[in-house]
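1. Below is the sequence, then the predicted model.
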Amino acid sequence: MSDHHLHDKSKSNLRKKSRASRSQLQMRSGHSKLYSQSRSRLSRVQGDDEGDWLQAKDPIKPEDQLELTEEELNVEFTRILRADNPNAPDNIVRFSHKDGMYKQVSSVEQCAYHLSISGTMIHVESDEARRQLAKSKYSKKKTKETKETGTGTNEEVAENMADDADVADEGTVDEEEAAEDGEGEGEGDGEGEGEEEEGEAAEEEEEETEDSSSGKPLRNQFNFSERASQTQTHAFRDRGTVTEAPARATFGDNVTQWVIYDAYAADYEKQKQLKENSSKKKTKVEKKKIVALPARDLTEDQGSDWQLAANVVTLQIAKNMERMVNQNTFHEVQQDFKFWDDPSDQFKEKQGSVLPLWRFTSDAAKKKTITCLDWCSSYPDLVYATLGSYDYTKQTVGGAFVAYSLKNPSYPEVAFNTPIGAMCFDINQTQTSLVVVGFYDGSVAVYDISRKEKKDVPVVRSTATTGKHTDPVWQVTWHDDDVNQNHNFSSVSSDGRVTTWTMVKTELQHIDIVRLALDKGDEQTGGSDPLFGLGSGTCIAFNREKKNMFLIGTEEGNVHQCSKAYSSKFLKSFKAHTMSVYAVGWNFFHPRIFATCSADWSLKIWDDMDNEPVFSFDLGNAVGDVAWSPYSPFVFAAVTTDGKIHVFDLSQNKYEPMCVQQLSKKAKPTHISFNPKFPVIVVGDNRGSTSVFKLSPNLRKLFDEKKKKTKDQLIMLMDKLLESVKETPHVPAATDEVEV
């Protein structure tokens, strides 16, 4: 049996040697053939010695090639290659569920796949890869165990021994072949040794990879680590408590204004009685019963009911409660303020109306006239007003300053009396608690209404020594703070002075920027000697874009355009009216448009580039005030002494007002103002009351627009309206800052 096995083994070795020698001869013949071909190509290369390394090209001419001349060969044909697929369809139609119809597809796939092969590689972290690795590991481990122990079936042991013998035989054959190759080629033993070393290194690398693959766990190539822990689940337990229900009692009462007044009066009597008792000698304490509300009797140490309630109820809480009570009282009025729209406006295109909402009054306003009123820009629900008298014989009643809120119509938020009639005021835009007031005696004063006490004491006040006016101050207006962060404002008076005042600590410093003088046409002459005099200013208005430019209205009916930079003379003068100018105001949007009203029954709209008015309206009575709308450049309103409100909208009607409504038969309105946020107006009269009205939809079309127009668009619309009215259209000058 052993001889037969050795004989078979020798025969297999001979076969392997013959195969190896045959493959080596084929490889050598192939190398020699390639070497000879490359030498022949290099020998055919033309040129200098520098191009010896280039390979020669043997051009082969096809049999059906055209014979072209030199000119035809030199002709260039340009072809543009695009990535579009010429066979792609361009009329694919799909159903659109959005539009409910078939629509053609705009974009078509231009990519064409010529070859697509699915790969056999799998990710090392996939389930399939894990199964294959585990299977190979298991097979190697099992093979190793069978080799070492020799256990297993006879067939498995025989197969493993045969595999080992084949591997050993192959190793000996490779060594012999390497030795023969080294002798036949005449080369040294270095190559054989190098090959052996390389083979050994490769085997070592394979062993290392096997060891590493078998010993180390597979790592995630994204460096992802997953950790988990398990804790004991706590058992749920239900707990509950039952308490006794609180005692309930039903009670109710009606609270009216006179009940509150009686309670305040009774408390005042209590406090008065307590002061009288405390003034007596401490040794003799007389206990007296206080007749007041049917509440518990209080001793001197305990104080009054209201003093005890003050420890719990603060002033802010009391104000909130008062507002809640007023909301219930004026519930219907508040609903109209928010939701009222006149349905008749749908049938009257060029007509509108106003709805009366609230009417404010107070004890401080009795027997006085509203001399000025305006809304607060920071708090649009607040309206401020000053009270006095335009009659020279009624100046003994003094004046007042009040502030009403739409949230509490029953009582003013701020109210204090002044010893002299207040004729005008203005609110500081940066610090809204500062209010400057002009008085009938020519003085101006600044009040801080945020004080908790002594609100009626001014912060600063002008006197005769600090340069106060000698005639009543008709209008005041705040300016931006100067470079030293000092507040400053301007005032105009009948004494002909336009003065700028600066607050420096606790005093006022003044500078006269303009002194009005009578024009030659207005001078009164008696005999040969003319009587010269100063003009009388009645109103003032500063431009919102050109801060230095302002307008002054006079008692003579003229309107002067001035600048703080050129105080020596007027920039321009308008012969506006024949009687005293009561009010002048710039448009909120257009920087060249302003309005004037006068005692000569006229209301006029002006362009400062023209000497004549653009629009002129005769309202039939003296016009006390005019105000522009803050949401539309076309809407403005005026009040007349016959008790009527006139509202205009130039975009809808250029010839007459869209709304004329009687305010009251007895009261005469004096001033009017638009709210900066809501579509309402406020009107003051000569009886000290302030009334709020809401505009109907036809009078606030731009306010109700969902897509608001920009300021430039509104200016363009206003320019078109002006050009359609003017006889000679205005061409903007080079210095005109209006962009159309």
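-> Here it is on my side, so go on. Numbering: from 1, shown residues only.
2. For residue 318, give me the pLDDT.
-> The per-residue pLDDT reported for residue 318 equals 79.
3. For stretch 377-391, what is the spacing between the initial and final residues?
-> Terminal residues of stretch 377-391 are spaced 31 Å apart (C-alpha to C-alpha, to the nearest Å).
4. Give the rounded mean pLDDT of it.
-> Rounded mean pLDDT across stretch 377-391 is 91.
5. And it, what's buried?
-> 382, 383, 384, 385, 386, 387, 388, 389 (16 or more other C-beta atoms under 10 Å). All C-beta atoms are positioned from the backbone trio N, CA, C, and that covers glycine.
6. what sits against residue 502?
-> For residue 502, the contacting residues are 482, 486, 487, 488, 508, 509, 510, 511, by C-beta atoms under 8 Å, 6 or more residues apart in numbering.
7. So which of those residues sit within strands?
-> Within the contacts of residue 502, residues falling in strands by DSSP state E are 488, 508, 509, 510, 511.
8. who wins for most neighbours among those?
-> residue 508 (23 neighbours; other C-beta atoms under 10 Å).
9. does that one really touch residue 458, like I thought?
-> No - contact criterion C-beta atoms under 8 Å: residue 508 and residue 458 do not qualify, at 10.2 Å.
10. Which neighbours do these two have in common?
-> Contacts common to residue 508 and residue 458, judged by C-beta under 8 Å, 6+ apart, are residue 446.
11. Tell me, how many residues neighbour residue 611?
-> 11.
12. next one: residue 442
-> Neighbours around residue 442, by other C-beta under 10 Å: 22.
13. who's in contact with it?
-> Applying C-beta under 8 Å, 6+ apart, the residues contacting residue 442 are 468, 469, 470, 471, 472, 473, 493, 495.
14. Can you flag which of these belong to strands?
-> Checked against DSSP E, these include these in strands: 473, 493.
15. and the contacts of residue 442, which are buried?
-> Buried among the contacts of residue 442 (16+ other C-beta under 10 Å): 468, 469, 471, 472, 473, 493, 495.
16. of the residues you listed, closest to residue 408?
-> residue 473 (30.6 Å; C-beta to C-beta).
17. could the contacts of residue 442 be laid out in a markdown table, adding pLDDT and distance to residue 597?
-> Listed next are the contacts of residue 442 as a markdown table, based on pLDDT from 0 to 100; distance: C-beta to C-beta, whole Å:
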| residue | pLDDT | distance to residue 597 |
| --- | --- | --- |
| 468 | 89 | 28 |
| 469 | 91 | 23 |
| 470 | 90 | 26 |
| 471 | 91 | 21 |
| 472 | 92 | 19 |
| 473 | 94 | 20 |
| 493 | 92 | 20 |
| 495 | 89 | 23 |
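18. List just the nearest of the contacts of residue 442 to residue 245.
-> residue 473 (68.6 Å).
19. quick one, strands of the stretch 351-500 of the chain?
-> 354-360, 369-375, 382-388, 399-405, 414-418, 422-427, 434-439, 444-448, 460-461, 473-478, 488-493, 497-504 (DSSP state E, counting those that start in this stretch).
20. For the second one, which strands pair with it and how are they oriented?
-> Just to be clear, that refers to strand 369-375. strand 382-388 (antiparallel) (DSSP bridges).
21. now the end-to-end length of stretch 620-632.
-> Start-to-end, stretch 620-632 (C-alpha to C-alpha) is 26 Å.
22. Pull out the buried residues from that stretch.
-> Buried-residue list, stretch 620-632, by 16+ other C-beta under 10 Å: 622, 623, 624, 625, 626, 627, 628, 629, 630, 631, 632.
23. quick revisit: biggest separation within the contacts of residue 502, which pair?
-> Among the contacts of residue 502, 487 and 511 lie farthest apart (C-beta to C-beta), at 14.5 Å.
24. returning to what we had before: pipe the contacts of residue 502 into CSV and attach distance to residue 585 and pLDDT per row.
-> Formatted as CSV, the contacts of residue 502 follow (distance: C-beta to C-beta, whole Å; pLDDT from 0 to 100):
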residue, distance to residue 585, pLDDT
482, 25, 85
486, 27, 89
487, 23, 91
488, 21, 91
508, 26, 89
509, 28, 90
510, 25, 89
511, 25, 90
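25. Tabulate those residues (JSON lines), appending distance to residue 692.
-> JSON lines is the format used below for the contacts of residue 502 (distance: C-beta to C-beta, whole Å):
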{"residue": "482", "distance to residue 692": "36"}
{"residue": "486", "distance to residue 692": "36"}
{"residue": "487", "distance to residue 692": "30"}
{"residue": "488", "distance to residue 692": "32"}
{"residue": "508", "distance to residue 692": "34"}
{"residue": "509", "distance to residue 692": "39"}
{"residue": "510", "distance to residue 692": "36"}
{"residue": "511", "distance to residue 692": "39"}
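26. Closest one of the residues you listed to residue 82?
-> residue 482 (70.6 Å).
27. Compute the distance between the closest residue to the closest one other than its chain neighbours and residue 472, please.
-> The shortest distance from residue 482 to any residue other than its chain neighbours is 5.8 Å, reached at residue 488 (C-beta to C-beta, 6 or more residues apart in numbering). Going from residue 488 to residue 472 by C-beta to C-beta, to the nearest Å gives 21 Å.
28. hmm, back to that, which two from the buried residues of stretch 377-391 end up farthest apart in space?
-> 382 and 389 (24.4 Å).
29. ok, the residue nearest to residue 482 to residue 317 distance?
-> Counting by C-beta to C-beta, the gap from residue 488 to residue 317 is 39 Å.
30. same question, residue 406
-> 20 Å.
31. neighbour count winner among those two?
-> residue 406 (23 against 10).
32. that older thread, among the buried residues of stretch 620-632, which two are most distant?
-> 622 and 631 (27.9 Å).
33. Residue ranges in this structure under the pLDDT threshold?
-> Along the chain, the parts satisfying pLDDT under 70 run over 1-58, 147-226, 281-313, 519-533, 727-740.
34. Quick one: the helices in it, in order.
-> Taking DSSP state H, the helices of the chain run over residues 2-43, 70-74, 127-149, 154-185, 189-215, 257-279, 305-310, 315-329, 331-339, 701-704, 711-725.
35. List the buried residues of the shortest one.
-> It stands for helix 701-704. 701, 702, 703.
36. What residues does the nearest residue to residue 704 once chain neighbours are set aside make contact with?
-> Spatial nearest neighbour of residue 704, chain neighbours left out: residue 697 (6.3 Å); criterion: C-beta to C-beta, 6+ apart. Taking C-beta under 8 Å, 6+ apart, we find residue 697 in contact with 341, 342, 345, 352, 704.
37. In CSV, list the strands of the stretch 351-500 of the chain along with distance to residue 83.
-> Shown next, in CSV, are the strands of the stretch 351-500 of the chain (distance: least, C-beta to C-beta, whole Å):
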stretch, distance to residue 83
strand 354-360, 70
strand 369-375, 67
strand 382-388, 70
strand 399-405, 72
strand 414-418, 78
strand 422-427, 70
strand 434-439, 73
strand 444-448, 77
strand 460-461, 81
strand 473-478, 70
strand 488-493, 72
strand 497-504, 75
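38. closest one to residue 687 among those strands?
-> It is, among these and with distance given as C-beta to C-beta, strand 369-375, at 7.6 Å.
39. which outside residues touch that closest one?
-> 382-390, 399, 421-427, 475, 670-671, 673-676, 682, 684-690.
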